[in-house]
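Sharing a model prediction with you, sequence too.
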Amino acid sequence: MKLSETEKKWYAIYTKPRWEKKVDSILLRKGINSWCPLQRVQRQWSDRKKVIEEPLFKSYVFVKINEAERLEVLTTDGALNFVYYLGKPAVIKDEEIEIIKKYLLEEDTKIEVLSVEGYKEKMKVKVSHGVFMNNEGTVVRGGKKKVFVQLESLGQVMIVEFPVEYLAPSSKPI
């Protein structure tokens, strides 16, 4: 077996709508390293408020697999396909997964995820505090507290809300 066939990398898979937790559970039972990032969100019903855990990325689950495990992932009930980037399954950097995991561990985190389509890049900024410290982001919409951090391998934008004083203009040109 080649080294590349045994080397495990993170990939994103599309799931059926509202199947993220189910697919994650099935993959874990199959022995596949799977992760469905969840965040706690308060929801209002007519008679009460409730804090629930919902997937951070709608219709996405992350898997750390080698080439030989790809078919096993695709034959999982609820899994539709890998997320492709430039004609190949998109490889997610370990650092990107770790940043999301660290941020979700922080108290009172709030992340909103939007598709990058339709947004235009404006100003590069550098985060000067917290787990995103020294990471660069692109502000793509006006706002006093929001920075959009693009996970390029996913084609997604993660909107992270934190105080303006945590941001500084980037020294890198656009």
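Now that the structure is in, tell me what you want to look at. These numbers were taken from a predicted model, which means no experiment stands behind them.

Please make it C-alpha for all contacts and neighbour counts, starting now.
Will do.

what domains does the record give for the protein?
3-92, 111-169 (automatic domain parsing).

Where does the prediction get shaky in the protein?
1-5, 108-174 (pLDDT under 70).

List the buried residues of the longest helix belonging to it.
If you go by DSSP state H, the chain has its longest helix at helix 94-105. By neighbour count with 16 or more other Cα atoms under 10 Å, helix 94-105 contains the buried residues 100, 103-104.

Ok, stretch 71-90 next?
Neighbour-count burial for stretch 71-90 flags 73, 76, 78-84, 89-90 (criterion: 16+ other Cα under 10 Å).

what does it contact?
For stretch 71-90, contacts defined as Cα atoms under 8 Å, 6 or more residues apart in numbering pick out 11-16, 19, 22-23, 26-27, 32, 153-154.

so of the residues you listed, which ones are in helices?
Secondary structure from DSSP H places 22-23, 26-27 of the contacts of stretch 71-90 in helices.

hmm, which two among those residues are most spread apart?
K22 and L27 (8.6 Å; Cα to Cα).

Those two - which one has more neighbours?
Comparing K22 with L27 by other Cα atoms under 10 Å, the one with more neighbours is L27, at 21 against 16.

how near is that one to D94?
Relative to D94, L27 is positioned 19 Å away (Cα to Cα, to the nearest Å).

thinking again about what came up before, any idea which of the buried residues of helix 94-105 is closest to S46?
The shortest approach to S46 among those belongs to L104, at 28.4 Å (Cα to Cα).

Tell me if I'm right that that closest one and C36 touch.
No. Look at L104 against C36 with Cα atoms under 8 Å: they stay out of range, at 11.8 Å.

and the closest residue to K49 other than its chain neighbours, what element?
Among residues not flanking K49 along the chain, R43 sits closest, at 5.6 Å (Cα to Cα, 6 or more residues apart in numbering). Using DSSP states H and E, R43 maps to strand 38-44.
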